[in-house]
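# Quick one, what's the 3D model for this:
(one chain, ligands or ions: 2)
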Amino acid sequence: MAFNSTTYSTASSDISTPRSSSPSYSVNSARSSSSSVSKRMSISSRRSLSQFNPMSSVDIRAIEAQMKMASLDGLRGYSQNHYGEVQQYRNTDYVPKSSACGYQVLREPLWNKGLSFTPEERVSKNLTGLIPHAMESVETQVARCMKMINTRTTNIDKYLYLSSLKDQNIDLFYRVLIDNVRELMPLVYTPTIGDVCLQYSTLYTRPEALYISIKQRKSIKTILRNWPYPSPEICVVTDGSRILGLGDLGVNGVGISIGKLALYTGAAGIHPEKTLPIVLDCGTANEDNLKDPFYLGLRARRPAPAVMEEFMDEFMEAVHEVFPNMLVQFEDFETEKAFNFLERYRNQYKCFNDDIQGTGAVVLGGYIGAVNLSGVPIEEQRLVFMGAGSAGVGVAKQMVEYYTRRGLSEQAAKDKFWLVDTKGLVTLDRGDKLAEHKKYFARTDNNGHQFRSLEEVIEYVRPSALVGLTATFGVFTESVVRALKASVDAGGVGRRPILFPLSNPLTKAECTFEQAIQWTEGTVIFASGSPFSPISIKTTEGAVTYYPNQGNNVYVFPGLGLGAILAKASKVTDEMVYISASSLSESLNAEEIHKGLIYPRIERVRDASVIVAREVMKAARREGVSELPESQWVEWEEWGDVALTKWIKDRIYDPLK
Ligand SMILES: O=C([O-])CC(=O)C(=O)O
Ligand SMILES: [Mg+2]
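Ligands and ions are numbered 1, 2, ... in the order given. Reported below is the predicted structural model:
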């Protein structure tokens, strides 16, 4: 493979006044020609600075003053709390005054441009000799990274390579991720991130998040102010108590906050400087962690719920005070806490819960498409949910909303759902103390009969769709899936069963794609939480390829967050969440619809996020929670979606382009 490359010579001794004399260099590629490179740079610098304005109202004069201070103070300013503000100049004409500063440019992941620095920048930033001579196109650098990833044999090693790239050159990391999302998303996110969380204490080399321990609860504001970047706008916070389907991982759960935020940037273009991963370290019930000599968290049991609630109140207040614009995404809190905190804070702060609302919306988004493909009319849809935790109940509630918007009464909509947990069908008269969040869906029409197994429930309900959110591998057995197919077949020829084994990571999926295809003779409409590969089956008429769908909340939370931020929403309303689902279902292109997919291909996740963000923004405005000026909305109303879409696209991060 031949890559574009540029050679040049610029010894600083050749050039006494860098800005007035041009270095000599020869260029092999039109794309990398000096004038086009520097032109591109200056355009991207301007764009990059202006990107901040709508999202954080940066005061340019304050920045200029800060720049002066930074260049006067040299590296001293860098180590202070507010050095992050200096970083906002990385794409402006900020010129470090000493070669030590030049070295610092290479050491700061948000400034480092790897081998993309132009000859002029190498001189003006005192980089000459500090990096290899070659000036490479972005494509070449991305190809090198992919080669390095592909030479590693384990997914954890691939993850570690990517993580260290992120630590050195953020722009390149995101370019590599965005351009290779199908291959790399499973590494920076589920399923690999699950293994990373399991081993986080051992893999740890450097901090990447805020670690707020319950022992430091009086210092939360100070800790938040220690974050180096000045005005983050989105944080993903977990207490590690239910990481994916892996249970309580304590402080090691921080990997999920880091992974989700990588996707806020990769899948929706929120600038990396605006993202803040947080773990609340409140101890753990995980014995393995408590015994592990490398464990990095508090070696204590989790506090009583009331104490946790006080701590959470303090955290939310502190975030609001230190970063008033912050959108808080709750992630992987165990079920009771997840529901409690969402209810407690949703009207007071800008926040949402990804497992209840994000998963709810993404599954609804896919279900809308699946119903159309299934041939089972809406009136005949009957859904069994295996798993009645935060995700199960969150998904079912979004679907109730879908049905009420189609004219059903709330009761009739609710009656379409049968939730099953480890004790069997959730009924009001089951005789155990039902958790609060399960009561809404508890059946009362069971005539005193209790159904203890999933098979019994399927036999009784004869559903059209089966959704799994149990965090238990293999719960959808052959007999369960065949019974689902039989009940759908009984309704008429050509009908297709909907089967969503959604638990993460892959080791927790309720069944595999291959099993689902085999047990339904290929008729299944399938979506899983973590990605399965397509399957080719040889038939007498040649090979048939079946494509799975990934019903993961990555199709929702980045766009929902981007929309809430750009709309300057004061809170995230139910309508905004619902719209994220319905707009997702409308984001497929003709090719995807033709292929029978129910989600856009993952390569198009950024396109889908823009659509979701746009519709979420409009919903925020309808709901009266957008704090954007009215004149702006009036203008968009005149120009329609095209103008708003362009406005969003102009604000999203697309590195090294
Ligand atoms: O992280 C994911 O892949 C989806 C999710 O929120 C979960 O499983 O808790
Ligand atoms: Mg989650």
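
# helices and strands of the chain: which one bottoms out on pLDDT?
strand 24-27 (a mean of 30; mean pLDDT, DSSP states H and E).

# does Ile243 sit in a helix or strand, and which one?
Ile243 is part of no helix or strand, with elements assigned from DSSP states H and E.

# For ligand 2, see how far away it is.
8 Å (C-beta to the ion, to the nearest Å). (C-beta placed from N, C-alpha, C; glycine too.)

# just Tyr555 next, same as before
Taken as C-beta to the ion, the span from Tyr555 to ligand 2 is 14 Å.

# Does that residue touch Leu364 like I think?
No. Using C-beta atoms under 8 Å, Tyr555 is not in contact with Leu364; the gap is 11.1 Å.

# When those two are compared, which one has more neighbours?
Higher neighbour count among Tyr555 and Leu364: Tyr555, with 30 against 27, using other C-beta atoms under 10 Å.

# how long is stretch 319-338 end to end?
18 Å (C-alpha to C-alpha, to the nearest Å).

# Looking at it now, give me its mean pLDDT.
Averaged over stretch 319-338, pLDDT sits at 98.

# near ligand 1 at all, that stretch?
Yes. With C-beta under 6 Å from any ligand atom as the criterion, ligand 1 is reached by stretch 319-338 at Asp332.

# Just the buried residues of that stretch, please?
319-320, 322-323, 325-335, 337-338 (16 or more other C-beta atoms under 10 Å).

# This structure against ligand 2: which residues are in contact?
Asp332, Asp355 (C-beta under 5 Å from the ion).

# ok, the lengthiest strand in the chain: who's next to it in the sheet?
In the chain, taking DSSP state E as the definition, the longest strand is strand 275-281. Partners of strand 275-281 in the sheet, by DSSP bridges, are strand 210-213 (parallel), strand 234-238 (parallel).

# check whether it contacts ligand 1.
No. With C-beta under 6 Å from any ligand atom as the criterion, ligand 1 is not reached by strand 275-281; the gap is at least 13.4 Å.

# Mean confidence (pLDDT) on that strand, please.
98.

# Do me a favour and get the end-to-end distance for stretch 485-499?
10 Å.

# cool, and stretch 223-231?
Using C-alpha to C-alpha, first and last residues of stretch 223-231 are 14 Å apart.

# list the buried ones in it?
Ile223, Leu224, Trp227, Pro228, Tyr229, Pro230, Ser231.

# Which of the residues you listed sits closest to Pro629?
Relative to Pro629, the closest of the buried residues of stretch 223-231 is Ser231; by C-beta to C-beta it sits at 19.9 Å.

# quick one: which helix or strand includes the residue in the stretch 1-150 of the chain positioned nearest to ligand 1?
The minimum distance from the stretch 1-150 of the chain to ligand 1, using C-beta to the nearest ligand atom, falls at Ile149 (20.6 Å). Secondary structure assignment for Ile149, by DSSP H and E: helix 138-151.

# Give me the contact list for that helix.
1, 3-5, 114-116, 158, 161-162, 165, 172, 175-176, 179-180, 183-184, 187, 656-657 (C-beta atoms under 8 Å, 6 or more residues apart in numbering).

# same question, stretch 452-459
With C-beta under 8 Å, 6+ apart as the criterion, stretch 452-459 contacts 384, 386, 418, 420, 423-425, 451, 466, 475, 479-480, 483-484, 487.

# Mind listing what's buried along that stretch?
Buried residues in stretch 452-459 (16+ other C-beta under 10 Å): Leu454, Val457, Ile458.

# circling back: now do the longest strand of the chain: distance to the chain's middle.
14 Å (C-alpha atoms, centre = their mean, to the nearest Å).

# CA atoms of it as CSV?
What follows is strand 275-281, C-alpha atoms only, in CSV (Å, rounded to 0.1, in the frame of the first residue of the first chain):
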residue,chain,number,x,y,z
THR,A,275,-16.2,15.2,28.6
LEU,A,276,-15.6,14.1,32.2
PRO,A,277,-15.6,10.5,33.4
ILE,A,278,-16.4,10.1,37.1
VAL,A,279,-16.5,7.2,39.5
LEU,A,280,-18.0,7.5,43.0
ASP,A,281,-16.0,5.2,45.1
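
# Quick one: name whatever helix or strand follows that strand.
Next element after strand 275-281 (DSSP H and E): helix 287-291.

# And the helix or strand that contains Lys158, what does it pack against?
Lys158 belongs to helix 155-168 when assigned by DSSP H and E. Applying 3 or more C-beta pairs under 8 Å, 6 or more residues apart in numbering; DSSP states H and E, one finds that helix 155-168 makes contact with helix 138-151, helix 170-179, helix 181-188, helix 192-198.

# List the buried residues for that helix?
Ile156, Lys158, Tyr159, Leu160, Tyr161, Leu162, Ser163, Leu165, Lys166.

# ok, now stretch 419-439?
For stretch 419-439, by 16+ other C-beta under 10 Å, it's Leu419, Val420, Asp421, Gly424, Leu425, Val426, Thr427, Arg430, Leu434, His437, Lys438.

# Among these, which one lies nearest to Phe532?
Val420 (23.4 Å).

# Then that closest one would be within a strand, right?
Yes. Val420: assigned to a strand according to DSSP: H, G, I helix; E, B strand; the rest coil.

# how much space between it and ligand 1?
19 Å (C-beta to the nearest ligand atom, to the nearest Å).

# out of the strands paired with strand 275-281, deepest packed?
strand 234-238 (a mean of 27; mean count of other C-beta atoms under 10 Å).

# same question for it, mean pLDDT?
98.

# That strand and ligand 1, are they touching?
No. Strand 234-238 stays clear of ligand 1 (C-beta under 6 Å from any ligand atom), getting no nearer than 9.5 Å.

# which residues sit against that strand?
Contacts for strand 234-238 (C-beta under 8 Å, 6+ apart): 253-254, 256-257, 260-261, 264, 270, 274-280, 315, 319, 323, 326-333, 354, 561, 565.

# so how far is it off the chain centroid?
The answer for strand 234-238 is 11 Å, by C-alpha atoms, centre = their mean.
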